[in-house]
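> Got a predicted structure here, sequence first:
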Amino acid sequence: MNLKKSTKNILLILVVVLLAAVPLLVLKDAEFSGADGQAEEAITEINPDYEPWFSPLIEPASGEIESLLFSLQAAIGAGFIGYFIGYVKGKREVEQKVLNDK
Amino acid sequence: MKKRFILSGAFISVMLLLPNYAFGMHIMEGFLPAGWAMFWSVFSLPFIILGIRTISKTFKENPNQKLLFALVTAFMFILSALKMPSVTGSTSHPTGAGLGAILFGPLPMAVSGLIVLLFQALLLAHGGISTLGANVFSMAIVGPFVATFIYKLLKGTNKKVAVFLAAALADLLTYVVTSIQLAVAHPDAVSGVMGSLTKFLSIFAITQIPLAIAEGILTVIVYELIVNYQKEGGYELEKIN
């Protein structure tokens, strides 16, 4: 395929978005609870006497706080990747300029 | 009986109070019996130690690799925070471990994975301290080893396909291992370990299939970026491959 690299990347990202969006659109009645919550139910079903012997030290105060911390985690990662792209792109431009000026 | 009643009452009230309470997918705190929790911790520890040694050796040889290592760890941070809806009507998140394993080999990723899992266990009540060893084993040891193996096997054919499959299969097998870990710890009274395994696989592995494809695609995009800016980044890809 002779597509530009950026076009190709946009198409690829579109596929990822579709992978997430299609289940939301198709499965209208689904709860979209977490797989680990369902595993918890399965364990209780298999082994009704099992009691978790340890509980989390700190629980996020609410679903909103948990979302906050999850977005913080993603933001830390995305922030660094943004820094990396800016750094290498800027460096390439400067080096190209130096070459052209010579 | 009374205790269980109180427990489930507490659980229900928590669910009612937190209607948006979101779950992820690592093994939950306290849900592995103490013996198994201990077993996986002891089993994972040597990989962490070897991982730290490999990282410090790599950094000593070329300090520029730090930039690349930070990048692959950042990638893991993002991907394991993205809880995506799936075809099973539940959610789970990718792992992001494949990219780093392709570039640095499996051992350093055990350390990156430990950092991510600690963050989630301590601050998010996602995964747990008692199940940390088991979760490190599935996400930060098995995943990266699978990725490295698949990549090495296929890199002679088409690099992009090799990267895609390495990342996607590492993601998927992480949850297969999670299912096995839960099944051996919680065998079904009638159908045994295999019965439990089917149950857990249907929860974790099937949910994970579209997510694994998404992770494969995202990994290819970032991998291309890394290769494209190799000169500017100053890191050596041949050396680590």
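Yep, that arrived.
> For A:I58, which residues are in contact?
The contact partners of A:I58, by CB atoms under 8 Å, 6 or more residues apart in numbering or on different chains, come to B:122-123, B:125. C-beta: built from backbone N, CA, C; applies to glycine.
> same check, this time on B:A185
B:32-33, B:36.
> Of the residues you listed, select the buried ones using a PyMOL command.
For the buried members of those, the matching PyMOL selection, counting by 16 or more other CB atoms under 10 Å in any protein chain shown, is:
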select buried, chain B and resi 32+33+36
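> now, which of the contacts of B:A185 lie close to chain A?
Under the cut-off given by CB under 8 Å from any CB of the partner chain, chain A has B:P33 from those close to it.
> Switch the contacts of B:A185 over to a markdown table; also include secondary structure and pLDDT.
Output for the contacts of B:A185, formatted as a markdown table (DSSP: H, G, I helix; E, B strand; the rest coil; pLDDT from 0 to 100):
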| residue | secondary structure | pLDDT |
| --- | --- | --- |
| B:L32 | coil | 92 |
| B:P33 | coil | 93 |
| B:W36 | helix | 95 |
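> Which helix or strand lies directly C-terminal to the longest helix along chain B?
Secondary structure of chain B read by DSSP state H shows that its longest helix is helix B:192-228. Under the assignment DSSP states H and E, the closest C-terminal helix or strand after helix B:192-228 is helix B:230-233.
> Check which helices and strands that following helix sits against.
helix A:63-101 (3 or more CB pairs under 8 Å, 6 or more residues apart in numbering or on different chains; DSSP states H and E).
> what residues are up against the residue nearest to the spatial centre of chain B?
Nearest to the geometric centre of chain B sits B:M139, at 2.6 Å (CA atoms, centre = their mean). Counting by CB under 8 Å, 6+ apart, B:M139 touches B:26, B:80, B:95, B:97, B:113, B:117, B:174.
> contact partners of whichever strand or helix holds B:F75?
Using DSSP H and E, B:F75 maps to helix B:65-79. Residues lying outside helix B:65-79 but in contact with it, judged by CB under 8 Å, 6+ apart, are A:73-74, A:76-81, A:84, A:87, B:55, B:58-59, B:93-97, B:99-100, B:103-104, B:108-109, B:112-113, B:115-116, B:119, B:215, B:218-219, B:222, B:226, B:233-236, B:240.
> quick one: that helix to helix A:63-101, angle?
Interaxial angle of helix B:65-79 relative to helix A:63-101 (axes from the mean of the first three to the mean of the last three CA atoms, to 10 degrees): 140 degrees.
> mind listing what's buried in helix B:65-79?
Judged by neighbour count (16+ other CB under 10 Å), helix B:65-79 contains these buried residues: B:65, B:67-69, B:71-79.
> List the residues that contact the closest residue to A:D29 other than its chain neighbours.
Counting by CB to CB, 6 or more residues apart in numbering or on different chains, B:G89 is the residue found nearest to A:D29 once chain neighbours are left out, at 7.9 Å. If you count contacts by CB under 8 Å, 6+ apart, B:G89 has them with A:23, A:27, A:29-32.
> Point me to the residue sitting closest to the centre of chain A.
Nearest residue to the geometric centre of chain A (CA atoms, centre = their mean): A:A74, 6.5 Å.
> any idea of the pLDDT on it?
According to the prediction, A:A74 has pLDDT 94.
> ok, back up a step: distance-wise, check the residue nearest to the centre of chain B relative to chain A.
Computed as CB to the nearest CB, to the nearest Å, the B:M139 to chain A distance reads 13 Å.
> Tell me the pLDDT of that residue.
96.
> again with A:R92
94.
> and whichever residue of chain A sits closest to chain B, how many residues sit next to it?
In chain A, the residue that lies nearest chain B is A:G34 (2.3 Å; CB to the nearest CB). Neighbourhood size, A:G34 [other CB atoms under 10 Å in any protein chain shown]: 24.
> Could you do B:M25 as well?
Applying other CB under 10 Å, we find 31 other residues in the vicinity of B:M25.
> secondary structure class for it?
What DSSP: H, G, I helix; E, B strand; the rest coil gives for B:M25 is coil.
> Contacts for stretch B:120-129, please.
With contact meaning CB under 8 Å, 6+ apart, stretch B:120-129 is reached by A:36, A:54, A:56-60, A:66, A:69-70, A:73, B:23-24, B:26-31, B:80, B:117, B:131-132, B:135.
> cool, and stretch B:201-209?
A:35, A:38-39, A:42, B:25, B:86-88, B:90-92, B:171-172, B:174-176, B:178-179.
> Now that stretch: buried residues?
In stretch B:201-209, counting by 16+ other CB under 10 Å, buried: B:201, B:203-205, B:207-209.
> Tell me the one of those nearest B:F164?
Ranked by distance to B:F164 (CB to CB), the buried residues of stretch B:201-209 are led by B:I209 at 14.0 Å.
> What pLDDT is listed against that closest one?
At B:I209, the model reports a pLDDT of 94.
> Kindly report the same for A:V98.
We have a pLDDT of 92 for A:V98.
> rewinding a little: filtering the contacts of B:M139 by proximity to chain A, which remain?
B:26, B:80.
> Where neighbours are concerned, which of the contacts of B:M139 has the most?
B:A97 (35 neighbours).
> Note down every partner strand of the least confident helix or strand in chain A by mean pLDDT and its orientation.
Lowest by mean pLDDT, DSSP states H and E among the helices and strands of chain A is strand A:33-34, with a mean of 82. Applying DSSP bridges to the sheet, strand A:33-34 is found paired with strand B:90-92 (parallel).
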